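Visitor: next come a sequence and a model predicted from it.
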Amino acid sequence: MPIQKLKRLLNPLKRQIQVSAPIGAVLMYHRVTELESDPWALSVSPKNFAEHLEVLKQHCLVVPVEELSQAQQQKQLSDATVAITFDDGYVDNLFNAKPLLERAELPATVYIASGCIGRQREFWWDELEKALLLPDQLPQRLTLTAKGQTRSWELGSAAHYSMADRQRDRGSDPWLADPTTRLGFYFSVWQFLWSLPVAEQERLCDEVMAWAGVDPRVRESHRTLTIEELHQLDRGDFVKVGAHTVNHAFLPDHAIAVQQMEIQQSKRSIEAWLDRPITTFSYPYGGFTPQTLGVIEQAGFSCACSTVQEVVWWGSDRFQLPRFEVRNWDGATFEQRLLAWLSRDSWLRKSPPRTRRFSAETAISA
């Protein structure tokens, strides 16, 4: 029998087993702060995050992601077991998220891009946001060259960014934006940079900031942790650190040797700083290949998080743990989302798993 036909026959049985088994969830956050501009909806306000934690205390057993993974592997997962995770390593994870987690006495894991710790630059997507979405007026034409490819953008009416335009774009997904708008322009430039080596991303961000006439200095609101702040974040009982590559690299675009360096070096660096084993990992942009999974296991990680939005059950792969993306919802809205995610009825009727934001193919194609 052809393998694809066999999979089609087994999928309904797998789904029936899944919805009858205990299910849990891993939640994906990035930032706890309030921002003037947040094109990727990475930020949850401190007020809303505090409400999320109260909802979780009411409905769920909240455990560290490694503990959830161990229970899942041993088929001892309790219903409504949830793990909280953060990606990237923004400083507000220490000053805003950690105090709220400690007050609620709930654990979380913060995944750190080790090469960004203590660096006097913002993440490249934040530098683009500063250059392209904050100015009221930009020049009419931008031209960038990378890896032998030159790309030009004519801004037209998007060169002027009015208050009405900002209101229209606030809360909109960049990949769905009209290409003729300022947000659409931002996303198009983002696409040009997103899979480039970090040195190229930084060089092009320098060019874009100079072209836009913006101050290249790091904004306090957008900086990453220092090494001392990383120690403070990891100290205590409720927040622990995991690895997230060195340079926040989209791993599928790199040779296996580069993937090994990004994964292994991030682990070694954080272990050296904190003087303890680092055992959990998350994939930047949710990107990995079958070969990446082998590198993760060989590096000694016990589990790794993806960005596929699905429940965790005993059939989940510990190196592809799904996560639900959390946005800046108030407590009532978050409660509705959480209960829907953990509802067997909703998962019995669910569509195929959704990756966070957009697929790699979509990002590369525009």
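Guide: Perfect, thanks for sending it.
Visitor: just the element for Val295, please.
Guide: Of the helices and strands defined by DSSP states H and E, Val295 is found in helix 290-298.
Visitor: residues of that helix that come out buried?
Guide: Buried positions in helix 290-298, judged by neighbour count with 16 or more other C-beta atoms under 10 Å: 292-293, 295-296. Just so you know, the C-beta spots here come from the backbone N, C-alpha and C atoms, and that holds for glycine as well.
Visitor: got it, and stretch 116-136?
Guide: Applying a neighbour-count criterion of 16+ other C-beta under 10 Å, the buried positions in stretch 116-136 are 116-117, 121-133, 135.
Visitor: same question, stretch 214-230
Guide: For stretch 214-230, the buried set under the neighbour-count rule, 16+ other C-beta under 10 Å, comprises 214, 218, 221-225, 229-230.
Visitor: just stretch 165-181 next, same as before
Guide: For stretch 165-181, the buried set under the neighbour-count rule, 16+ other C-beta under 10 Å, comprises 165-166, 169, 174-175, 177, 181.
Visitor: adding distance to Phe192, pLDDT and secondary structure, write these out as TSV.
Guide: Written out in TSV, the entries for those read as follows (distance: C-beta to C-beta, whole Å; pLDDT from 0 to 100; DSSP: H, G, I helix; E, B strand; the rest coil):
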residue	distance to Phe192	pLDDT	secondary structure
Asp165	22	94	helix
Arg166	23	94	helix
Asp169	19	92	helix
Pro174	13	96	helix
Trp175	14	95	helix
Ala177	15	96	coil
Thr181	17	96	coil
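Visitor: and Asp38, how far from Ile117?
Guide: Computed as C-beta to C-beta, to the nearest Å, the Asp38 to Ile117 distance reads 22 Å.
Visitor: got a markdown table for the buried residues of stretch 165-181, with distance to Val311 too?
Guide: Converted to a markdown table, the buried residues of stretch 165-181 look like this (distance: C-beta to C-beta, whole Å):
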| residue | distance to Val311 |
| --- | --- |
| Asp165 | 39 |
| Arg166 | 37 |
| Asp169 | 32 |
| Pro174 | 27 |
| Trp175 | 25 |
| Ala177 | 31 |
| Thr181 | 36 |
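Visitor: identify, from these, the entry nearest to Gly287.
Guide: Out of those, the one with the shortest distance to Gly287 is Trp175. That distance is 15.5 Å, counting by C-beta to C-beta.
Visitor: from Ala212, how far out is the closest one?
Guide: Distance of Trp175 to Ala212, computed by C-beta to C-beta: 22 Å.
Visitor: same check, this time on Gly171
Guide: Spatial separation of Gly171 from Ala212 under the definition C-beta to C-beta is 23 Å.
Visitor: then Ile263?
Guide: Taking C-beta to C-beta as the measure, Ile263 and Ala212 are separated by 34 Å.
Visitor: so for these two, which sits in the more crowded spot?
Guide: The residue with the greater number of neighbours, taking Ile263 and Ala212 and applying other C-beta atoms under 10 Å, is Ile263; the counts read 26 against 18.
Visitor: hang on, that one packs against His244?
Guide: No: the pair Ile263 / His244 is not scored as a contact, 9.8 Å apart, by C-beta atoms under 8 Å.
Visitor: now Glu127: closest residue in space that isn't a chain neighbour?
Guide: Counting by C-beta to C-beta, 6 or more residues apart in numbering, Cys205 is the residue found nearest to Glu127 once chain neighbours are left out, at 4.3 Å.
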